[in-house]
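In: Just need the structure, nothing else, for what follows:
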Amino acid sequence: HDRTTKRRAFAAAGVPHYWLVEWRRRRATVLSLPVGDDYTATETVPWAALRWPPEAPDAPRWGDHPHFPRG
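Out: Numbering: from 1, shown residues only. Okay, here's the model as predicted:
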């Protein structure tokens, strides 16, 4: 559902970023640049390297938050 229906609905609504987080693998697929009902850019990154907002190279890493699960 998250990889198809929900992804397409978010892209069609113009949501600029969509993350598919894989907790056990400690990574995320980051989708961006929505066009029509899908995203045109895809990147898989380790979750500790995720940044918000993703397009800002100096943005804080999501994994640096003190409540971020380590392990």
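In: where exactly do the strands run in this protein?
Out: 17-22, 27-35, 38-46 (DSSP state E).
In: What ranges in this protein fall below the confidence cut-off?
Out: 62-71 (pLDDT under 70).
In: give me that answer again for 90
Out: 21, 23-24, 26, 45-71 (pLDDT under 90).
In: tell me the centre residue of it?
Out: residue 19 (2.6 Å; C-alpha atoms, centre = their mean).
In: give me the beta-bridge partners of the nearest residue to that residue once chain neighbours are set aside?
Out: Spatial nearest neighbour of residue 19, chain neighbours left out: residue 28 (5.0 Å); criterion: C-beta to C-beta, 6 or more residues apart in numbering. Quick note: C-beta positions are derived from backbone N, CA and C, even for glycine. Beta-bridge pairing for residue 28 (DSSP bridges): residue 21, residue 45.
In: ok, how many other residues are close to residue 28?
Out: Using other C-beta atoms under 10 Å, residue 28 has 19 other residues around it.
In: Repeat that for residue 27.
Out: Neighbour count of residue 27, defined by other C-beta under 10 Å: 17.
In: coming back round to it: who's in contact with the residue nearest to residue 19?
Out: 19-22, 44-45, 47, 50 (C-beta atoms under 8 Å, 6 or more residues apart in numbering).
In: The same query, at a cut-off of 6 Å, please.
Out: 19, 21, 47, 50 (C-beta atoms under 6 Å, 6 or more residues apart in numbering).
In: cool, and residue 37?
Out: 8, 11-12.
In: which among those end up buried?
Out: 8, 11 (16 or more other C-beta atoms under 10 Å).
In: Just give the nearest non-adjacent residue to residue 12, would you?
Out: residue 37 (4.4 Å).
In: distance of the one you found from residue 20?
Out: Separation of residue 37 from residue 20 (C-beta to C-beta, to the nearest Å): 16 Å.
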